[in-house]
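**Q** sequence and computational prediction follow.
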Amino acid sequence: MTTGMSAPTGPVTIAVVTWNSADVLPGLVASLPAGAGGVPWRLVVVDNDSSDDTVAVARRLCPDATVVQTGRNAGYAAGVNAALAATPDAPAVLVLNPDVRLRPGCLPALLAALDRPGTGITVPRLTDSDGALIHSMRRRPTLLRAFADALVGATLAGRWALTGEVVSDPAPYAGDASPDWAEGSTQLVSRACLDACGPWDESYFLYSEETEFHLRAGALGFGVRYVADAGAVHLEGDSGTSPRLWALLTANRLRLFSRLSSRPRTAAYWLALVLRESSRAARGDAIARAAVRVLVRPDLLRAPRGPAWLDLATPNPVLRPDAAHAAAARP
């Protein structure tokens, strides 16, 4: 086993993609020294054209940080790619949402786990602001898992590997594990993995970009490793309460599956998504209704993702400016 990643030759890049994140960024920055635990690091903040004081806050809190202003709402993957371009010599890159707070010693634990054979990405145990475990590990999307989710719900289906994409059984979170992919708010990626995989796919704009990257990395031999001894708090955004964000999340799940499978299987996956969302819409769920509207619009399913897509998918949205994960960190 090599020891190169547990003793990096240069500072680890901590990359944060922001959009109107002035309220949540200070908490993240305050957590970095203890979270880094003595590992040398440098902060790169990529701002997607915030209209608040995010850039000024970043420069005030961390004067040595590299601040990259994209000049547009470019999307999460584009922000990550900009951060990678700004520090091409980093031995590893810790990608964070601004609404994350690292637990003490998080980075050293993630870094050491990169030495495990076949590992290119490490992720921590995530909890919410109340200390509750976040089910952050995921399995590869399949037709069976999509239909099980539609029929019995993700939490129940996720207790069994065959039927659930979300790993919802708490037992696997007690020790290290190797999921197919993981929730992307906190992830350390090795330089070897980044070099092998190339840029993140910017076509998703928001949601599923980490899924695509993790699955691509795994196919190249750089799998995801969940590290139980590494901890972080994710305040989370409102993708589960914002109709337009849920519509985008659902549309991108379909886009991702279509790129992994055949047309007939994609059609069946679409049916599973329609079944899931329409059953909830029938009970008065507003975000599910938004997802159904998108799923039955081929023009929207094919259209490039971005701010204009969101406005077309769900006109006149109500979106809090402090939705750091759902709309700010991941624009």
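**A** The structure has been received and is ready for your questions. Numbers count the residues shown, from 1 in each chain.

**Q** for the protein, what's the longest strand?
**A** Determined from DSSP state E, the single longest strand within the chain is strand 223-234.

**Q** and the helix or strand that comes right after it, what other elements does it pack with?
**A** For strand 223-234, the succeeding helix or strand toward the C-terminus, using DSSP states H and E, is helix 243-260. Helix 243-260 sits against helix 209-219, helix 263-281, helix 286-295, helix 298-302, helix 307-313, with contacts defined as 3 or more CB pairs under 8 Å, 6 or more residues apart in numbering; DSSP states H and E. Bear in mind the C-beta positions are built from the backbone N, C-alpha and C, glycine included.

**Q** can I get the second one in PDB? Just the C-alpha atoms.
**A** Just to be clear, that refers to helix 263-281. What follows is helix 263-281, C-alpha atoms only, in PDB (Å, rounded to 0.1, in the frame of the first residue of the first chain):
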ATOM      1  CA  ARG A 263     -33.700   3.100 -25.200                       C
ATOM      2  CA  PRO A 264     -36.200   0.400 -24.200                       C
ATOM      3  CA  ARG A 265     -34.800   0.200 -20.700                       C
ATOM      4  CA  THR A 266     -34.800   4.000 -20.500                       C
ATOM      5  CA  ALA A 267     -38.500   4.000 -21.500                       C
ATOM      6  CA  ALA A 268     -39.200   1.600 -18.700                       C
ATOM      7  CA  TYR A 269     -37.200   3.800 -16.300                       C
ATOM      8  CA  TRP A 270     -39.200   6.800 -17.400                       C
ATOM      9  CA  LEU A 271     -42.400   4.900 -16.600                       C
ATOM     10  CA  ALA A 272     -41.100   4.100 -13.100                       C
ATOM     11  CA  LEU A 273     -40.400   7.800 -12.500                       C
ATOM     12  CA  VAL A 274     -43.900   8.800 -13.800                       C
ATOM     13  CA  LEU A 275     -45.500   6.200 -11.600                       C
ATOM     14  CA  ARG A 276     -43.600   7.400  -8.600                       C
ATOM     15  CA  GLU A 277     -44.200  11.100  -9.100                       C
ATOM     16  CA  SER A 278     -47.900  10.900 -10.300                       C
ATOM     17  CA  SER A 279     -48.800   8.700  -7.300                       C
ATOM     18  CA  ARG A 280     -47.500  11.500  -5.000                       C
ATOM     19  CA  ALA A 281     -49.000  14.300  -7.200                       C
END
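
**Q** wait, Tyr207 sits on Arg255?
**A** No - using CB atoms under 8 Å, Tyr207 makes no contact with Arg255, being 9.7 Å away.

**Q** between those two, which one's more packed in?
**A** Neighbours of Tyr207 and Arg255, each counted by other CB atoms under 10 Å, are more numerous for Tyr207; the result is 23 against 19.

**Q** quick one: secondary structure of that one?
**A** coil (DSSP: H, G, I helix; E, B strand; the rest coil).

**Q** now the phi/psi pair for it, please.
**A** The phi and psi torsions at Tyr207 (degrees, to the nearest 10) take the values phi 80, psi 140.

**Q** now do it against Asp201, distance only.
**A** 12 Å (CB to CB, to the nearest Å).

**Q** report the central residue of the chain.
**A** Gly184 (2.6 Å; CA atoms, centre = their mean).

**Q** show me the domain layout of the chain.
**A** Domain ranges of the chain: 12-133+170-234, 243-319, per automatic domain parsing.

**Q** residues near Ala132, how many?
**A** Using other CB under 10 Å: Ala132 sits among 9 other residues.

**Q** which secondary structure state does the residue nearest to Leu96 when sequence neighbours are not counted sit in?
**A** Of all residues beyond its chain neighbours, the one nearest Leu96 is Val16 (5.2 Å), with distances taken as CB to CB, 6 or more residues apart in numbering. Following three-state DSSP, we place Val16 in the strand state.

**Q** number the residues from 771 up from this point.
**A** Sounds good: first residue 771 from here, last item Val786.

**Q** so Val786 sits against Pro868, correct?
**A** Yes - the pair formed by Val786 and Pro868 meets the contact definition of CB under 8 Å, at 5.4 Å.

**Q** isn't Pro861 right up against Pro778?
**A** Yes - in this structure, Pro861 is within contact of Pro778 by CB under 8 Å, at 4.0 Å.

**Q** now do the closest residue to Leu1045 other than its chain neighbours, the pLDDT please.
**A** Excluding the flanking residues, the one nearest Leu1045 by CB to CB, 6+ apart is Ala920, at 4.4 Å. On pLDDT, Ala920 comes in at 96.

**Q** Arg1059 now?
**A** So, for Arg1059, pLDDT stands at 94.

**Q** check Ala1096 too.
**A** pLDDT, read off for Ala1096, is 37.

**Q** Trp1040 now?
**A** pLDDT at Trp1040 comes out at 98.

**Q** enumerate every residue touching it.
**A** Contacts for Trp1040 (CB atoms under 8 Å, 6 or more residues apart in numbering) come out as Leu1024, Leu1065.

**Q** also Ala1000?
**A** Arg873, Gly875, Cys876, Leu877, Ala879, Leu880, Ala883, Thr892, Val893, Pro894, Arg895.
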